[in-house]
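**Student:** generate a structure from the sequence data that follows.
(chains A and B)
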Amino acid sequence: MSLALAHTDETVQLNRATGAARLSVESRDGRSVMSDLYFAQPLRILMPRPGVGELLTAVLANLSGGIVSGDLYETDISVGSGASLTLTAQAAEKIYKSSGAEAGNHLTMRVAEGGVLEWLPQGTILFDRALFRQRVRFDLAADSTLFAGAISVLGRSAMGETFSSGRYREHWDLKRDGRLVWADRFELADPAGAAAVASGLRDVSSFATALFARPDAADDLDWAREVQTGAAGDIRCGVTAIDNNLLVMRWLGPDAMRLRNAVGAFWSAARVRWLGLPARMPVIWRI
Amino acid sequence: MNIVTMRGILTITTTMTDVSATRAALRLQSWLSPAFPVGAYSYSHGVEAAIEAGLVTDAETLRDWIEGLLRFGSGSSDAILLSEAWRHASAGDREALGTLTEFATALIPTAELRLEATSQGTAFVKTVSAAWGEIEQVALPPAPPLPVVYGAITASAGIALELAGPLYLQAFVHNIVSAAVRAVPLGQTDGQRVIAALEVCVDEVWSASEGCGTDEIGTAALMAEWSSMQHEAMDGRLFRS
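**Tutor:** Predicted structure coming up:
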């Protein structure tokens, strides 16, 4: 018995992929430029030419085609004082069924004084029986701007699959000047149980979170609520002002595509108002 | 229990005396009573919006809603938070209590739920220290959320965690049922049926939390969070959350 277990552990170890990526941008003569770039297979960071009116843009790509048991990825993004960056992903991240070990994806994003970061990932698709933990840490200077979001899809809904067993955790921390102001500890360890209760995830097969952090962000609470509701259709959505400097938005729905459209329509309007960027999604996100 | 702890650089020495089981029960009955002046009756934990949205309409849908809060929402995380606060206060670890307070507040997902937890927490500290002068005061940061306050003060008052913990969850259930009885509205007996039906759930959620630390906190009550966000935008509300 113990031999068999040891063998299993070893197999997992051998198959484990670890990847790391690091990007720093800084402001030079009023322009944002890359100052440090590193990535190790299978992660890659692409820097496509930004569209007209867009910020310096970085695209995170995972060439492995998906995350499997035991994978661990670490990505570190740093936006220097007065610099700005749009960060996005090349494709939705697929988290495959696990053979026993949990996979992890760790993202750390730092934004210094006067810095601006827009983070717009494609989303995370959890295959049934996936074991996955995503950890996202934002470390913000008080007068920085962050507009960040994520979409989670529970099961390959296009195939009628639900996430009925497995374990999925999203651990997010937002620190402002070193103080933890908002933390999310989403955990789905009993997906069937959570889906059975109305206050849990009944009729929710995908959800999205967006954060807008900036001094006096809460001044736009009513604006955000109105635009969000106007674009939501049958997707449930809401926004709250955690404090004067942080808005948190959520979307919950039974259909991943309609949810993505609701988030996209909101994002398109919000990036005009909050970041002074064009009313469209960055090119990669639209593909 | 006589705990004298010397810990790290903070070296706070705390002496606490176990009160008798009877006096522990008397204190808890007072502190968890709807008459205890923390304003519990004015919060619905978002249930008012769930009623408005047609998600809670009768005793059975109310029971289901609260079961989700207990198993996947603030019930399960509050059980761990109050236990950690109880342990830190017992050990006289002021620094750990400060860190826990920051984390516990950060975890609360909406503005109204923050108001619900921190205004009750603040009033709880004030009232206990004003009326129970012999209980040693616990140093907490400003505006601490209720589960942290409750855990710390019950420890300081010499009340066993095994008693204080499940009764906190039961009071949470009582409070939501009481709000729903007024807002749905439901009959008083229906309300008590919901409380009775959730007894096993309270027991299970408490047992599952025992021995867990903050790393084991995890919630999936996104619809409860959504209903609290809806509540913030509701017109003509009876409740403050």
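
**Student:** how close does the spatially most central residue of chain B get to chain A?
**Tutor:** Nearest residue to the geometric centre of chain B (C-alpha atoms, centre = their mean): B:Pro147, 4.2 Å. Using C-beta to the nearest C-beta, to the nearest Å, B:Pro147 is found at 15 Å from chain A. All C-beta atoms are positioned from the backbone trio N, CA, C, and that covers glycine.

**Student:** these two touch, right, A:Val25 and A:Met47?
**Tutor:** No: checked against C-beta atoms under 8 Å, the pair A:Val25 and A:Met47 is beyond contact range at 9.7 Å.

**Student:** next, count neighbours for whatever residue of the stretch 51-200 of chain A ends up closest to chain B.
**Tutor:** The stretch 51-200 of chain A approaches chain B most closely through A:Glu187 (2.4 Å), counting by C-beta to the nearest C-beta. By the criterion of other C-beta atoms under 10 Å in any protein chain shown, A:Glu187 has 21 neighbours.

**Student:** contact partners for it?
**Tutor:** Neighbour list for A:Glu187: A:167-170, B:217-220 [criterion: C-beta atoms under 8 Å, 6 or more residues apart in numbering or on different chains].

**Student:** surely it is in a strand?
**Tutor:** Yes: checked against DSSP: H, G, I helix; E, B strand; the rest coil, A:Glu187 lies within a strand.

**Student:** what's opposite it in the beta bridge?
**Tutor:** Beta-bridge partners recorded for A:Glu187 (DSSP bridges): A:Arg169.

**Student:** flag the shaky bits of the stretch 1-150 of chain A, pLDDT-wise.
**Tutor:** Applying pLDDT under 70 to the stretch 1-150 of chain A flags residues A:1-16.

**Student:** break down it into its strands, ranges please.
**Tutor:** Assigned by DSSP state E, counting those that start in this stretch, the stretch 1-150 of chain A shows strands spanning A:18-28, A:31-40, A:43-46, A:57-62, A:72-79, A:84-89, A:93-95, A:103-111, A:116-120, A:124-126, A:131-140, A:145-154.

**Student:** can you tell me which of the ones you listed is packed in deepest?
**Tutor:** strand A:124-126 (a mean of 25; mean count of other C-beta atoms under 10 Å in any protein chain shown).

**Student:** for A:Leu180, helix, strand, or coil?
**Tutor:** strand.

**Student:** residues contacting it?
**Tutor:** A:173-174, B:102-103, B:106.

**Student:** and if we set it to 10 Å?
**Tutor:** A:173-174, B:99, B:102-103, B:105-107 (C-beta atoms under 10 Å, 6 or more residues apart in numbering or on different chains).

**Student:** would you turn those into JSON lines with neighbour count and pLDDT?
**Tutor:** Shown next, in JSON lines, are the contacts of A:Leu180 (neighbours: other C-beta atoms under 10 Å in any protein chain shown; pLDDT from 0 to 100):
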{"residue": "A:Asp173", "neighbour count": "18", "pLDDT": "98"}
{"residue": "A:Leu174", "neighbour count": "24", "pLDDT": "98"}
{"residue": "B:Thr99", "neighbour count": "16", "pLDDT": "98"}
{"residue": "B:Glu102", "neighbour count": "17", "pLDDT": "98"}
{"residue": "B:Phe103", "neighbour count": "19", "pLDDT": "98"}
{"residue": "B:Thr105", "neighbour count": "22", "pLDDT": "98"}
{"residue": "B:Ala106", "neighbour count": "21", "pLDDT": "98"}
{"residue": "B:Leu107", "neighbour count": "23", "pLDDT": "98"}
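
**Student:** spatially, which two of those are the most separated?
**Tutor:** A:Leu174 and B:Thr99 (16.2 Å; C-beta to C-beta).

**Student:** A helix includes the residue nearest to the centre of chain B, no?
**Tutor:** Yes: under three-state DSSP, B:Pro147 sits within a helix.
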